[in-house]
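In: below: sequence and its predicted model.
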Amino acid sequence: MNVLIAGGAGYIGSHCVRQVAAAGHRPVVIDNLVFGHREAVAPDVPFYEANLGDEAAVGKILVDEKIDIVMHFAAYIFVGESVQEPMKYYFNNVVSTLQLLRTMHSKGVKKFVFSSTAATYGIPEKMPITEDSPTNPINPYGRTKLDVEHALHAFARAYGLSAAVFRYFNASGASEDGAIGEDHSPETHLIPLAIGAATGQRPPLKLFGGDYPTPDGTCLRDYIHVDDLSRAHIAAFDKLAEPGKVFTWNLGTGTPVSVLEIIRAVEKVTGKKVPYTIAPRREGDPPALYADSTKAQRELGWKIKYHDIESLVASAWNWHSKHPNGYGK
Ligand code: UDP
């Protein structure tokens with residue numbers, strides 16, 4: 001199948017591009033390179049530098065490349081910024097996505113894979129989180145993703161769109177060969193910050209909150225390897241043959257891992273100490289967030305390879321040690 005990957009030069013998108021090719025499909029990338037890295041996409045993959053809101057440009061790509069499925073990873077992801085600048089998030093994450101869907105509709109492309117988030121659940125009452133848990137986002141980032149989910153249901157009913165919605169937990173790690181990996185600017189994620197603190201390239205880690213009601217007092221999260229995540233997306237392609245359906249799947253390992261456990265894993269894998277200080281809690285951080293992803297495993301035949309946090313952190317370290325300054329710097 002010909003697969004258009006919007007945001008294919010970003011962290012998750014670029015790993016998906018490689019998995020799409022590995023599964024025997026033909027990836028085509030569109031990315032405006034605001035946050036993406038051209039170097040993250042192999043030179044032999046067709047690459048269009050354009051905005052998703054450019055309906056003429058996107059429409060031409062859909063037709064010229066005979067696109068069967070669109071996968072959409074092009075979103076802004078900073079929770080704090082979404083509170084400060086919600087307009088930016090609504091326009092990029094909602095309006096541009098609606099424009100992409102309208103272009104698909106006008107060109108008769110009816111299969112869509114959407115990158116959503118556990119942030120759609122807000123602060124859940126029970127753990128692990130199943131897909132039927134109430135959705136109640138506590139920040140504009142999560143809200144924009146949920147708004148798109150709602151639009152997908154309406155479009156499926158009205159226009160026969162079929163969509164796979166994936167709610168990610170903590171996407172982490174890097175490709176096994178260390179060729180591509182995580183390079184956000186600014187970086188806010190725990191694993192790259194802890195690795196940077198260990199190597200001395202970044203300041204000592206601020207551990208946000210040591211007094212949570214968890215076994216070691218630090219937050220519990222569910223770290224899922226970016227290649228495991230990507231493979232689930234491709235496994236969903238077959239489901240999209242049925243028109244007018246929206247599927248929703250959590251993607252996580254289901255294993256809660258604390259911030260201190262991540263620090264210990266980084267120390268073991270790198271052989272270096274992670275200097276850190278206990279800082280106040282970060283606003284909006286729930287004590288524990290982890291997935292029940294049995295639905296994805298059952299319905300997609302999805303298998304998690306990186307169950308063990310050390311192997312996940314080792315893949316991040318492999319990328320980092322080969323590219324200490326990220327892409328092209
Ligand atoms: N965290 C931390 N210090 C940092 C960044 C993150 O203690 O500099 C903690 C954060 O409070 C959360 C966990 O690490 O409990 C994962 O945070 P991250 O930002 O990587 O992902 P999130 O769970 O917010 O999506």
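Out: Sure thing, it's come through.
In: helix/strand/coil for Phe114?
Out: Three-state call for Phe114 (DSSP: H, G, I helix; E, B strand; the rest coil): strand.
In: count of neighbours near it?
Out: Using other Cβ atoms under 10 Å, Phe114 is surrounded by 24 other residues. All C-beta atoms are positioned from the backbone trio N, CA, C, and that covers glycine.
In: for it, give its distance to Val274.
Out: Computed as Cβ to Cβ, to the nearest Å, the Phe114 to Val274 distance reads 35 Å.
In: give the contact list for the closest residue to the ligand within the stretch 1-150 of the chain.
Out: Using Cβ to the nearest ligand atom, the single residue of the stretch 1-150 of the chain nearest to the ligand is Val79, 6.7 Å away. Residues in contact with Val79, defined by Cβ atoms under 8 Å, 6 or more residues apart in numbering, are Ala119, Asn139, Tyr141, Gly142, Gly284.
In: how about the first one, what does it touch?
Out: Contacts were defined as Cβ under 8 Å, 6+ apart; by that measure Ala119 touches Val79, Pro137, Ile138, Asn139, Tyr141, Gly142, Lys145.
In: can you get me a residue count around the closest residue to it other than its chain neighbours?
Out: Nearest residue to Ala119 in three dimensions, chain neighbours excluded: Gly142, at 3.2 Å (Cβ to Cβ, 6 or more residues apart in numbering). For Gly142, the count of nearby residues is 24 (other Cβ under 10 Å).
In: give me the subset of the contacts of Val79 lying in helices.
Out: Counting by DSSP state H, those place Tyr141, Gly142 in helices.
In: circling back: neighbour-wise, which of the contacts of Ala119 leads?
Out: Lys145 (27 neighbours).
In: surely it is in a helix?
Out: Yes - with three-state DSSP as the criterion, Lys145 is located in a helix.
In: what sits against it?
Out: With contact taken as Cβ under 8 Å, 6+ apart, Lys145 is in contact with Ala75, Asn93, Ser116, Thr117, Ala119, Thr120, Pro137.
In: what of Pro203?
Out: Counting by Cβ under 8 Å, 6+ apart, Pro203 has contacts Ala197.
In: let me know the pLDDT of Lys329.
Out: We have a pLDDT of 59 for Lys329.
In: hang on, I meant Glu125
Out: pLDDT, read off for Glu125, is 87.
In: what about it, neighbour count?
Out: The burial count for Glu125: 10, using other Cβ under 10 Å.
In: ditto for Ala174
Out: The tally of other residues near Ala174 (other Cβ under 10 Å) stands at 28.
In: so who does it touch?
Out: Ala174 neighbours (Cβ under 8 Å, 6+ apart): Ile180, Gly181, Glu182, Val226, Ser315, Ala316, Asn318, Trp319, His320.
In: so what's whichever residue of the stretch 201-329 of the chain sits closest to the ligand up against?
Out: Closest contact between the stretch 201-329 of the chain and the ligand, by Cβ to the nearest ligand atom, is at Cys219 (3.0 Å). Counting by Cβ under 8 Å, 6+ apart, Cys219 makes contact with Phe208, Gly209, Tyr212, Ser258, Val259, Asp285, Pro286, Pro287, Ala288.
In: for Pro46, same thing?
Out: Pro46 neighbours (Cβ under 8 Å, 6+ apart): Pro27, Val28, Val29, Glu65.
In: tally of neighbours for the third one?
Out: Other residues within reach of Val29, judged by other Cβ under 10 Å, total 28.
In: who does the helix or strand hosting it touch, helix- and strand-wise?
Out: Assigning secondary structure by DSSP states H and E places Val29 in strand 26-30. Counting contacts by 3 or more Cβ pairs under 8 Å, 6 or more residues apart in numbering; DSSP states H and E, the secondary-structure elements packed against strand 26-30 are strand 2-6, helix 11-22, strand 47-48, helix 55-64.
In: what's the last one packed up against?
Out: If contacts are counted by 3+ Cβ pairs under 8 Å, 6+ apart, helix 55-64 sits against strand 26-30, helix 96-107.
In: what's the most buried one of these?
Out: Ranked by mean neighbour count, the helices and strands packed on helix 55-64 are led by strand 26-30 with a mean of 24 (mean count of other Cβ atoms under 10 Å).
In: which other residues reach that one?
Out: For strand 26-30, contacts defined as Cβ under 8 Å, 6+ apart pick out 1-9, 13, 16-17, 20-21, 41, 45-50, 52, 58, 61, 65, 67, 74.
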